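1. only geometry, no sequence info:
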């Protein structure tokens with residue numbers, strides 16, 4: 001039997017206009033995978049989800065809301081060959097459940113999509129002498145485009161390490177889900193007070209690693225355009241090399257996207273992007289093989 005899949009143009013339109021269920025359903029059809037195959041691929045990635053849940057998502061009967069579901073959705077976007085946050089940005093505020101369905105509920109948006117627009121982000125990365133990351137302090141400025149937005153969902157690639165997450169300013173940490181296989185941390189960042197449409201909020205939080213990471217890089221994936229992103233890296237001493245890089249939503253490094261990043265006398269390097277995204281932006285570096293704590297020291 002010949003199956004005719006919807007044209008990619010239809011999918012492109014749905015990824016802009018939504019709704020979420022239609023975009024997911026067409027993305028699955030375009031990819032040509034059964035729900036059972038999708039479930040298997042997600043399970044291999046350490047993000048198990050039932051076939052029933054996938055069916056409910058694409059039919060509109062339910063949608064991902066919990067941190068574990070949002071983590072699975074992030075992997076699902078990758079399996080379907082979609083840009084990061086292509087589907088999650090189409091989600092709206094969660095539906096009231098149980099008896100509360102009978103009462104009018106204030107809209108709440110529990111993720112970094114339709115309810116919030118990122119306007120600025122500043123990451124300050126602390127690097128150990130071995131070149132691994134010891135901690136990251138992040139400051140974000142976001143604007144609400146719906147009423148009563150009370151949280152943002154952090155989805156951070158952390159590698160094999162398990163960092164401690166601490167709220168620093170104007171927020172607190174809610175539920176946390178850790179995906180160990182592919183190194184992703186998903187957490188609720190709850191605002192001290194809900195914000196209304198048109199209002200902005202500046203929050204700060206910090207990730208501290210129990211041991212320096214093995215990766216000598218830090219980057220951010222942006223599903224939408226961000227007006228201002230600043231990445232600052234503090235080295236203990238001078239690295240052998242340091243460069244900034246960027247890539248588009250499909251993952252290909254942009255032409256001229258990699259270039260040297262100077263390190264000043266205080267051990268600081270920085271990179272700044274204006275009106276960037278969607279895509280990936282970051283910095284990478286190397287340290288001397290005999291640096292304290294490096295894997296090759298003493299060999």
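-> Sure, I can see it. Since the structure is predicted, the reported quantities are computational estimates derived from the model, not experimental observations.

2. In the stretch 101-250 of the chain, where is pLDDT below threshold?
-> 101-114, 159-160, 178-184, 249-250 (pLDDT under 70).

3. How about the secondary structure of residue 191?
-> strand (DSSP: H, G, I helix; E, B strand; the rest coil).

4. correct me, but it touches residue 202?
-> No - counting by Cβ atoms under 8 Å, residue 191 stays clear of residue 202, with 10.5 Å between them. Every residue, glycine included, has its C-beta placed from N, CA and C.

5. where do the contact lists of the two overlap?
-> When Cβ atoms under 8 Å, 6 or more residues apart in numbering defines a contact, the residues bordering residue 191 and residue 202 alike are residue 170.

6. ok, the residue lying closest to residue 277 once chain neighbours are set aside - contacts?
-> Among residues not flanking residue 277 along the chain, residue 222 sits closest, at 3.7 Å (Cβ to Cβ, 6 or more residues apart in numbering). Counting by Cβ under 8 Å, 6+ apart, residue 222 makes contact with 84, 118, 229, 276, 277, 278, 279, 280, 281.

7. of residue 191 and residue 202, who's got more company?
-> Between residue 191 and residue 202, residue 191 has the larger neighbour count (other Cβ atoms under 10 Å), namely 17 against 14.

8. dump the residue contacts of that one.
-> Residues in contact with residue 191 (Cβ under 8 Å, 6+ apart) are 149, 150, 151, 152, 170, 171, 201, 203.

9. Let's see that with 7 Å instead.
-> By Cβ atoms under 7 Å, 6 or more residues apart in numbering, the contact list for residue 191 reads 150, 151, 170, 171, 201.

10. how close does the last one get to residue 169?
-> This points to residue 201. The gap separating residue 201 from residue 169 is 10 Å, by Cβ to Cβ, to the nearest Å.

11. Who has more neighbours out of the two?
-> Using other Cβ under 10 Å as the criterion, residue 201 and residue 169 rank with residue 201 on top: 20 against 11.

12. coming back round to it: how much space separates the residue nearest to residue 277 from residue 89?
-> Residue 222 sits at a distance of 11 Å from residue 89 (criterion: Cβ to Cβ).

13. Surely residue 210 is within a strand?
-> No - secondary structure of residue 210 (three-state DSSP): coil, not part of a strand.

14. and it, how many residues sit next to it?
-> Neighbour count of residue 210, defined by other Cβ under 10 Å: 9.

15. next one: phi and psi at it?
-> Phi and psi for residue 210, reported as degrees, to the nearest 10, are phi -60, psi -30.

16. circling back: could you point out which of the contacts of residue 191 is nearest to residue 10?
-> Using Cβ to Cβ, the shortest approach to residue 10 within the contacts of residue 191 belongs to residue 151, at 32.4 Å.

17. Pretty sure the closest one sits against residue 189.
-> Yes - judged on Cβ atoms under 7 Å, residue 151 makes contact with residue 189 at a distance of 6.2 Å.

18. Could you chop this protein up by domain?
-> With domains defined by automatic domain parsing, the chain comprises 8-91, 116-286.

19. first vs last residue of the last one, how far apart are they?
-> Meaning domain 116-286. 36 Å (Cα to Cα, to the nearest Å).

20. from the chain's centre, how far out does that domain sit?
-> Computed by Cα atoms, centre = their mean, to the nearest Å, the chain-centroid distance of domain 116-286 equals 9 Å.

21. ditto for stretch 66-80
-> Offset of stretch 66-80 from its chain centre (Cα atoms, centre = their mean): 11 Å.

22. Now that stretch: buried residues?
-> By 16 or more other Cβ atoms under 10 Å, the buried positions in stretch 66-80 come out as 67-80.

23. what do you get for stretch 195-206?
-> 195, 201, 203, 204, 205, 206.
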